[in-house]
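Trainee: Give me the fold of what follows.
(one chain, ligands or ions: 2)
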Amino acid sequence: MRDSLKFFLIGICSYFSFCSDKGTSPVISTPDSISLTFTVRHVSIYGESDGMIDVRISGGISPYYYSWSNGEVTRDIGGLSAGTYSLAVTDGNGDKEEGMVEIEQPSESHPGYEDLTTNSIGMQLKLIKGGSFLMGSTSGQPDETPIHKVNLTTFYIGIYEVTQAQYDSVIGSNPSGNRLDGASRPVENITWFEAEEFCKRLSTIEGITYRLPTEAEWEYAATGGIGVFEYVWGDDPLPQVDGKKYANIGDVTFLELFGELLDFGEPFSGYDDGYATTSPVGSFEPNSFGLYDMAGNVMEWCNDWYMEFYYKNSPLNNPQGPSTGSGKVMRGGTYGSSKRYTRVHGRFQDTPSLKVPALGFRVVRELK
Ligand SMILES: [Ca+2]
Ligand SMILES: [Ca+2]
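Mentor: Ligands and ions are numbered 1, 2, ... in the order given. Modelled structure (predicted):
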């Protein structure tokens, strides 16, 4: 177990605040030691170790001290106010990592809004609390750069892709190509305009605004509040952690049937999710926000027009994408996608009139 020592200290904020050290990467790592990301009120540690782990957070408050044994443990580290704190994690072998933690703003409170709610057609929606995060990546394609800070207003997002049954209940038809056990599978084979129309009609039914996620909202939701990983499930090259599977993507089952991935890229060799096409929504593990299928199953339409270097001039607050363009943003990859298309920061686009059986959507509901 000593050789596999690797820890992730993950902050899951009750508001979102990615806490970087003076603009550098929020990850500290040294070979054969501990990897940290920051911070805040709830701390989860994933790791394998024969020993215990100590975590200390200090600076203006009394040091916090915890011990962890194997596996994942979550602790409430108390109500930290805005400020800078030092953080140190030591494992049972004496390996130690230290870093600074910057907490940027007080928690937003949303009295009257449930953390998880169900709407009139049975959609479950998760409250994603407003705050700031770092969008983009330097480890992917040029259009993912630069990493830039984005502030988002609190929103609800569907924990699942919109299903065929939900689409049918609002629109009165099911255009999907993969209808086997279709009711709980994601709707697909719909244009961006049709996805938008669904949102408009649902807004009318409920008297509250539904719409497609902005690209920024989608990316933040997909990261689960942890912006430093390559994939929804972390940095592991396969969507399988501790025996749990995290995505329906371009796997062994897909390749057996189709021979080559939809995007002809690098497959997830050695991974078998059991689905050659779509899976019922929520068939795999959720991310740390409790959202399912943010990687794979169907690619998801976003509201924004795509612009390759939009991140260079993205507004700080609630970016909406450029005012016009030729392609709409699609995110998250499909049941037949390669590693590149499945990356959490990966950006894709196509004409909004495109309809293919691997492209669907999920909704955002505004608070009022
Ligand atoms: Ca698959
Ligand atoms: Ca998806």
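
Trainee: how about the helices in the stretch 201-350 of the chain?
Mentor: Along the stretch 201-350 of the chain, the segments classed as helices by DSSP state H, counting those that start in this stretch run 215-223, 252-258, 339-342.

Trainee: Ser288 - nearest residue in space that isn't next to it in sequence?
Mentor: Leaving aside its chain neighbours, Ser288 sits nearest to Gly224 (3.6 Å; criterion: CB to CB, 6 or more residues apart in numbering). Every C-beta, even on glycine, is put in place using the N, C-alpha and C of the backbone.

Trainee: Contacts only, for that neighbour.
Mentor: 232, 287-289, 291, 294 (CB atoms under 8 Å, 6 or more residues apart in numbering).

Trainee: and the stretch 201-350 of the chain, which residues reach ligand 1?
Mentor: 248, 251, 254, 273, 275, 335 (CB under 5 Å from the ion).

Trainee: Just among the residues you listed, which is most surrounded?
Mentor: In terms of neighbours by other CB atoms under 10 Å, these top out with Asn248 at 31 neighbours.

Trainee: who's that residue bridged to?
Mentor: Beta-bridge partners recorded for Asn248 (DSSP bridges): Gly296.

Trainee: Quick check, pLDDT for the residue in the stretch 101-250 of the chain that ligand 1 sits nearest to.
Mentor: Residue of the stretch 101-250 of the chain nearest ligand 1, by CB to the ion: Asn248 (4.5 Å). On pLDDT, Asn248 comes in at 97.

Trainee: ranking the helices of the stretch 201-350 of the chain by burial, who's on top?
Mentor: Looking across those with neighbours counted as mean count of other CB atoms under 10 Å, the highest average goes to helix 215-223: a mean of 25.

Trainee: so where's this structure shaky on pLDDT?
Mentor: Where the chain drops to pLDDT under 70, the residues are 1-109, 226-228.

Trainee: Pop out the phi and psi values for the residue lying closest to Val364 once chain neighbours are set aside.
Mentor: Nearest in space to Val364, with sequence neighbours left out and distances taken as CB to CB, 6+ apart, is Pro213 at 4.6 Å. Main-chain dihedrals, Pro213, degrees, to the nearest 10: phi -70, psi 140.

Trainee: need the contact list for Pro213.
Mentor: Residues near Pro213 by CB under 8 Å, 6+ apart: 155, 157, 221, 300, 302-303, 362-364.

Trainee: re the thing from before, most surrounded residue in the contacts of Gly224?
Mentor: Within these, Met294 tops the neighbour count with 30 neighbours, counted by other CB under 10 Å.

Trainee: I'd say that one and Glu217 touch.
Mentor: No. Met294 sits out of contact with Glu217 when judged by CB atoms under 8 Å, with a separation of 11.8 Å.

Trainee: contacting residues for Glu144?
Mentor: Glu144 touches 136-138, 311, 345-347, counting by CB under 8 Å, 6+ apart.

Trainee: Kindly provide the distance from it to ligand 2.
Mentor: Glu144 sits 18 Å away from ligand 2, taking CB to the ion, to the nearest Å as the criterion.

Trainee: Check the spacing between the closest residue to Pro267 other than its chain neighbours and Asp273 real quick.
Mentor: Once flanking residues are discounted, Pro267 sits nearest to Gly250: 4.9 Å by CB to CB, 6+ apart. Going from Gly250 to Asp273 by CB to CB, to the nearest Å gives 9 Å.

Trainee: With distance to Pro357 as added columns, please give the helices of the stretch 201-350 of the chain in a markdown table.
Mentor: Below are these laid out as a markdown table (distance: least, CB to CB, whole Å):
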| stretch | distance to Pro357 |
| --- | --- |
| helix 215-223 | 21 |
| helix 252-258 | 12 |
| helix 339-342 | 16 |
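
Trainee: Just the CA coordinates for the helix or strand that contains Ser132, please, in PDB.
Mentor: According to DSSP states H and E, Ser132 maps onto strand 131-135. Coordinates of each C-alpha in strand 131-135 appear next as PDB, following Å, rounded to 0.1, in the frame of the first residue of the first chain:
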ATOM      1  CA  GLY A 131     -19.600  32.200  -6.200                       C
ATOM      2  CA  SER A 132     -16.400  32.100  -8.200                       C
ATOM      3  CA  PHE A 133     -14.400  29.300  -9.800                       C
ATOM      4  CA  LEU A 134     -11.500  28.900 -12.200                       C
ATOM      5  CA  MET A 135     -12.700  27.900 -15.700                       C
END
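
Trainee: Quick check: the gap between the nearest residue to Gly325 once chain neighbours are set aside and Val356.
Mentor: Excluding the flanking residues, the one nearest Gly325 by CB to CB, 6+ apart is Trp305, at 3.2 Å. Per CB to CB, Trp305 is found 19 Å from Val356.
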